[in-house]
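Peer 1: Next one to model:
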Amino acid sequence: MNALTGDESRLYEPLLALLPVDGLSISTFGHILAAETISASDAQSFRLDELQFDLGEGPCWDALETAAPVLEPDIRERPNHVWPAFSEAIIAEDFGALFAFPLMLGPLRIGAIDLYTNHPFRLGEQDIRHIEILATVVSRLVLSRALRLSESDLVGEADTATRRAFSRREIHQATGMVLAQLGIPATDAFLVIQGHAFAAGRSMLDIAAEIIDRRLSFAVNEKQIEGSHD
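Peer 2: Here you go, the predicted structure:
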C-alpha cells in the first residue's frame, strides 16, 4: 500500500477499504503536533476536520481528551453529546453518524481518526476493535512523519563528541526503561522518547538522561505522566 510506504495523503485508503463507513480523515492536533488534516477520503471528511479545528470542539477533541472513542450512531436525532457550536454547525452537513478514535502512542496524544456515515449507523464491537488496532498503527506512522519532516534537532548538535559517543547507549537504556513502564514494543518506546523530545524542543539525549536518572517517568498515574523536569 502506498499509504504505508510514505504517501501519507493516501493513508485513509486501507482503512476505508476495511471499515463500514462512508468517509474518514486522519488529523493531528493538541499539545504535541499542529492542527493538520494528514489524510481525508473526501471533501466531507475534510470539512468535518475543518469545523472541529475552527470551533475547538467536537468528537475528535473529546476522543483525544478522554483517550477513548466517541461514538455517535445517530448524530442528528439521538446525539449522545451536544457541543454548543459544533452541533449547530453540522445541521447543514450530510452526517448521519460520527465516530472519533484517538491517535496515541503511550502517553503521547497525537490526534484522531474521524469517521462518518451518511445515515445513522452503529459500529459493532469487532469494528471498534479493528479501528483501535488501526489507530495504533496510524499513530506510529503519523508521529514518524512529523519527526521526519521536523527541522528540529532531536539528537542535539551542541553535544560534545564525548556525549555523542555515549548517546546511543543512553537512549537504548532509556528505551528499555520506557518499554517496561508502558508495556509497549521497543520501537514504540523509542518513538515516545523521540516524540517527547520533539514536543519539549529538547534533545533525545537530554530526555534519556532524565529517564535514566528517574527524574522523568512515562508510567501513567491517574492519567498523568509521573516525574518532573528539574
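Peer 1: for the record, mean pLDDT for stretch 125-145?
Peer 2: Computed over stretch 125-145, the mean pLDDT rounds to 93.
Peer 1: how about it: buried residues?
Peer 2: Going by neighbour count (16 or more other CB atoms under 10 Å), the buried part of stretch 125-145 is 127, 130-131, 134-135, 138-145. C-betas here are computed from N, CA, C, even on glycine.
Peer 1: Show me those that map onto strands.
Peer 2: If you go by DSSP state E, the buried residues of stretch 125-145 have nothing in strands.
Peer 1: Return the member of those residues nearest to Cys60.
Peer 2: Of all the buried residues of stretch 125-145, Cys60 sits closest to Ala135, with 12.0 Å by CB to CB.
Peer 1: who does Thr117 bridge with?
Peer 2: For Thr117, the beta-bridge partners under DSSP bridges are Ala97.
Peer 1: ok, now how distant is it from Pro102?
Peer 2: Per CB to CB, to the nearest Å, Thr117 is found 20 Å from Pro102.
Peer 1: if I look at Glu8, how far off is Leu108?
Peer 2: From Glu8 to Leu108 the distance is 18 Å (CB to CB).
Peer 1: swap in Leu182?
Peer 2: In this view, Leu182 and Leu108 are 10 Å apart by CB to CB.
Peer 1: so what's in contact with those two at the same time?
Peer 2: Both Leu182 and Leu108 are contacted by Val192, under the criterion CB atoms under 8 Å, 6 or more residues apart in numbering.
Peer 1: okay, these two: which has more neighbours?
Peer 2: Neighbours around Leu182 and Leu108, counted as other CB atoms under 10 Å, are more numerous at Leu108. The numbers are 24 against 18.
Peer 1: Go through this structure and flag its longest helix.
Peer 2: helix 125-149 (DSSP state H).
Peer 1: which helices and strands sit right next to that helix?
Peer 2: Packing partners of helix 125-149 (3 or more CB pairs under 8 Å, 6 or more residues apart in numbering; DSSP states H and E): helix 12-18, strand 23-28, strand 97-105, strand 108-117, helix 186-200.
Peer 1: can you count the residues close to Ile32?
Peer 2: Neighbours of Ile32 under the rule other CB under 10 Å: 18.
Peer 1: let me redo that: Arg148
Peer 2: Residues near Arg148, counting by other CB under 10 Å: 8.
Peer 1: How many residues are close by Ser39?
Peer 2: 24.
Peer 1: Kindly format the C-alpha coordinates of the helix or strand hosting it as PDB.
Peer 2: Here Ser39 sits within strand 36-40, counting by DSSP states H and E. This file holds the C-alpha atoms of strand 36-40, laid out as PDB (Å, rounded to 0.1, in the frame of the first residue of the first chain):
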ATOM      1  CA  GLU A  36      -3.500  19.500  10.400                       C
ATOM      2  CA  THR A  37      -5.500  17.100   8.300                       C
ATOM      3  CA  ILE A  38      -3.000  14.500   7.200                       C
ATOM      4  CA  SER A  39      -5.300  12.400   5.000                       C
ATOM      5  CA  ALA A  40      -9.000  12.700   4.100                       C
END
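Peer 1: What is that strand packed up against?
Peer 2: strand 23-28, helix 43-55.
Peer 1: Dump those to CSV, plus distance to Thr66.
Peer 2: Shown next, in CSV, are the helices and strands packed on strand 36-40 (distance: least, CB to CB, whole Å):
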stretch, distance to Thr66
strand 23-28, 17
helix 43-55, 15
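Peer 1: So which of these has the densest surroundings on average?
Peer 2: For these, ranked by mean neighbour count under the definition mean count of other CB atoms under 10 Å, the leader is strand 23-28 at a mean of 26.
Peer 1: Find me whatever residue is spatially closest to Asn80, sequence neighbours aside.
Peer 2: Glu72 (5.8 Å; CB to CB, 6 or more residues apart in numbering).
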